[in-house]
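A.B. asks: Model the structure of this input:
(one chain, ligands or ions: 2)
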Amino acid sequence: MAAPGSCALWSYCGRGWSWAMRGCQLLGLRSSWPGAPLSARLLSQEKRATETHFGFETVSEEEKGGKVYQVFESVAKKYDVMNDMMSLGIHRVWKDLLLWKMRPLPGTQLLDVAGGTGDIAFRFLNYVQSQHQRKQKRQLRAQQNLSWEEIAKEYQNEEDSLGGSRVVVCDINKEMLKVGKQKALAQGYRAGLAWVLGDAEELPFDDDKFDIYTIAFGIRNVTHIDQALQEAHRVLKPGGRFLCLEFSQVNNPLISRLYDLYSFQVIPVLGEVIAGDWKSYQYLVESIRKFPSQEEFKEMIEDAGFHKVTYESLTSGIVAIHSGFKL
Ligand SMILES: COc1cc(O)cc(C/C=C(\C)CC/C=C(\C)CC/C=C(\C)CC/C=C(\C)CC/C=C(\C)CC/C=C(\C)CC/C=C(\C)CC/C=C(\C)CC/C=C(\C)CCC=C(C)C)c1O
Ligand SMILES: C[S@@+](CC[C@H](N)C(=O)[O-])C[C@H]1O[C@@H](n2cnc3c(N)ncnc32)[C@H](O)[C@@H]1O
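C.D. replies: Ligands and ions are numbered 1, 2, ... in the order given. Model prediction:
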């Protein structure tokens, strides 16, 4: 089982200088301070020279992580309500579809990266629990002459009720994880669930550890997507599956026009009215436009070493689910 939050935090800190630099970056500090070793300073200068985008803004790669951190730190408390309001609940259907595509088997070890407030993890736990209960009922019905104690025992073990399945939610943002943990507590999710603070680009997990890796609406925010994909490949067991739910490209010109209108004219206004945060929601719609198309992203997944890569566009391509296997 993966280490819970505190242990993961420990291992996160114990990975030497590159981890320390990463930590500084997250805290908005510069890795070029005079006390840093020369190699670290040179690396940092080299990195600073490379530019990337934060929405439609051009920023250095070093800056991007901190800016993304601020966005999710700012929206964390209103994140769930915003999603329901902005999408009229449609994001729930997309997330359900991801689970139906996944169809986890008993005993599945899932890693949900950029898991935020736990939507995918909770759906996974519901799914595996209902599958297990159905199986248990079938077995109990088939067995004659069981005592009531034997029947009660079958239902009492909380860990067992998941059939050995587990999910680790990993996210870089403390505030998002905090909201997720509070939700889990309030909704009664406890067994088979761990929360880990970590970066998709440098996952704090051993090689070949998980059966399934999911990332929902997360990869768009990562600075080096290729690095995150390689990490996904590394932590999956051979035979393991990568699943990504992300905004994609709308191909119908009429829908695309309406979609643009809604995205740019309505979403930032909702962001301001509900969350008091226009900028974060402007970043959301801009970052969607910067993300590669279905076909381009498929190629990136293949480049990371995944096989049998496929995708399915949902709601006219507003989002897509990409799937690939580590063979
Ligand atoms: C800071 O970063 C973030 C913050 C977050 O809170 C979330 C995320 C990550 C995102 C998720 C977890 C998913 C949930 C969030 C969203 C779906 C928000 C993003 C939304 C869009 C990019 C736009 C597309 C939205 C939808 C398809 C949802 C359904 C919405 C509608 C049908 C719109 C209905 C609204 C009205 C009628 C209000 C009036 C609108 C206008 C005056 C503007 C003109 C618009 C229209 C006439 C209709 C809009 C049409 C479309 C959106 C296309 C319809 C497509 C089809 C029918 C196929 C995060 O990173
Ligand atoms: C739009 S939220 C998605 C949350 C959740 N998966 C969902 O579907 O509702 C994006 C999440 O990605 C996380 N994130 C951004 N960059 C990350 C990185 N490099 N590593 C891990 N998580 C990251 C953010 O902190 C945020 O919680």
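A.B. asks: who in the stretch 201-327 of the chain is up against ligand 2?
C.D. replies: Applying CB under 6 Å from any ligand atom, we find that the stretch 201-327 of the chain lies next to ligand 2 at 201, 216, 217, 218, 221, 222. The C-beta positions use only the backbone N, C-alpha and C, and glycine is treated the same way.
A.B. asks: If we use 5 Å, what do you get?
C.D. replies: For the stretch 201-327 of the chain, the contact set with ligand 2 under CB under 5 Å from any ligand atom comprises 216, 217, 218, 221, 222.
A.B. asks: State the helix or strand in which the residue lying closest to residue 200 once chain neighbours are set aside lies.
C.D. replies: Take residue 200 and drop its neighbours on the chain: the residue closest to it by CB to CB, 6 or more residues apart in numbering is residue 228, 4.2 Å away. Using DSSP states H and E, residue 228 maps to helix 225-235.
A.B. asks: likewise residue 258?
C.D. replies: helix 253-261.
A.B. asks: Check whether that helix comes close enough to ligand 1 to count as a contact.
C.D. replies: Yes: using CB under 5 Å from any ligand atom, helix 253-261 reaches ligand 1 at 255, 258, 259, 261.
A.B. asks: check contacts around residue 248.
C.D. replies: 291, 293, 294, 297, 313, 317, 318, 319, 320 (CB atoms under 8 Å, 6 or more residues apart in numbering).
A.B. asks: Likewise for residue 326?
C.D. replies: Applying CB under 8 Å, 6+ apart, the residues near residue 326 are 233, 236, 237, 238, 239, 240, 241, 242, 305, 306, 307.
A.B. asks: So which of those residues wins on neighbours?
C.D. replies: When neighbours are counted by other CB atoms under 10 Å, residue 236 leads the contacts of residue 326 with 25 neighbours.
A.B. asks: Just give the nearest non-adjacent residue to it, would you?
C.D. replies: Residue 236's closest residue in space is residue 326 (CB to CB, 6+ apart), at 4.4 Å.
A.B. asks: On the pLDDT front, check the one you found for me.
C.D. replies: Looking at residue 326, its pLDDT is 98.
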